[in-house]
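Undergrad: got a structure for you, letters missing:
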């Protein structure tokens, strides 16, 4: 039986530029940065959360040939990756203002929703990301927070 998500990936076109965005602007931390010979294994995660890493992966070998990698880069740059990753925050308004001040591209303005307050951003490569402050009653917040919200 599966218990957790350990790692996922986001295609990026330049891993150093990705570090500047994901670590420098979003505030994630590097969890691994290793040269595996065939590729650079570069992962980031939310600070202090070792349960889920995101591989900042270059399209190309060993997973795909050069022609496929070029097609993937073209699709990603057009935003065709769809929803790439979602992050939570304790203060959506403050996070929104901070990211805008750092020049992060906002694709969906700060909005109150049934599940919480969220907004959309785009990384420098075209990947669509969302940031949410979950409502205490949101099923995504977990049973303890939902019960607390009903009290």
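TA: Received, thanks. Keep in mind the model is a prediction, meaning the values are calculated, not measured.

Undergrad: quick one, strands of the protein?
TA: Applying DSSP state E to the chain gives strands spanning 7-11, 29-35, 40-45, 53-57, 83-88, 105-113, 116-122, 128-134.

Undergrad: show residues contacting the longest one.
TA: Contacting residues not belonging to strand 105-113 are listed as 92-93, 96, 99-100, 117-122, 128, 130 [C-beta atoms under 8 Å, 6 or more residues apart in numbering]. (C-beta placed from N, C-alpha, C; glycine too.)

Undergrad: any idea which residue sits dead centre in the chain?
TA: residue 85 (3.9 Å; C-alpha atoms, centre = their mean).

Undergrad: how much space between that one and residue 102?
TA: 18 Å (C-beta to C-beta, to the nearest Å).

Undergrad: what do you get for residue 18?
TA: In terms of C-beta to C-beta, residue 18 sits 15 Å off from residue 102.

Undergrad: more crowded one of these two?
TA: residue 18 (24 against 12; other C-beta atoms under 10 Å).

Undergrad: number of nearby residues for the residue nearest to that one when sequence neighbours are not counted?
TA: In space, and not counting its chain neighbours, residue 18 is closest to residue 12: 3.9 Å by C-beta to C-beta, 6 or more residues apart in numbering. Other residues within reach of residue 12, judged by other C-beta under 10 Å, total 25.

Undergrad: from what I can see residue 12 touches residue 60, true?
TA: No. Taking contacts as C-beta atoms under 8 Å, residue 12 lies outside contact range of residue 60: 11.3 Å.

Undergrad: can you get me the start-to-end distance on stretch 95-115?
TA: 17 Å (C-alpha to C-alpha, to the nearest Å).

Undergrad: what of stretch 36-52?
TA: Using C-alpha to C-alpha, one end of stretch 36-52 lies 20 Å from the other.

Undergrad: residue numbering should commence at 182 henceforth.
TA: Done: numbering now begins at 182, and the last item shifts to stretch 217-233.
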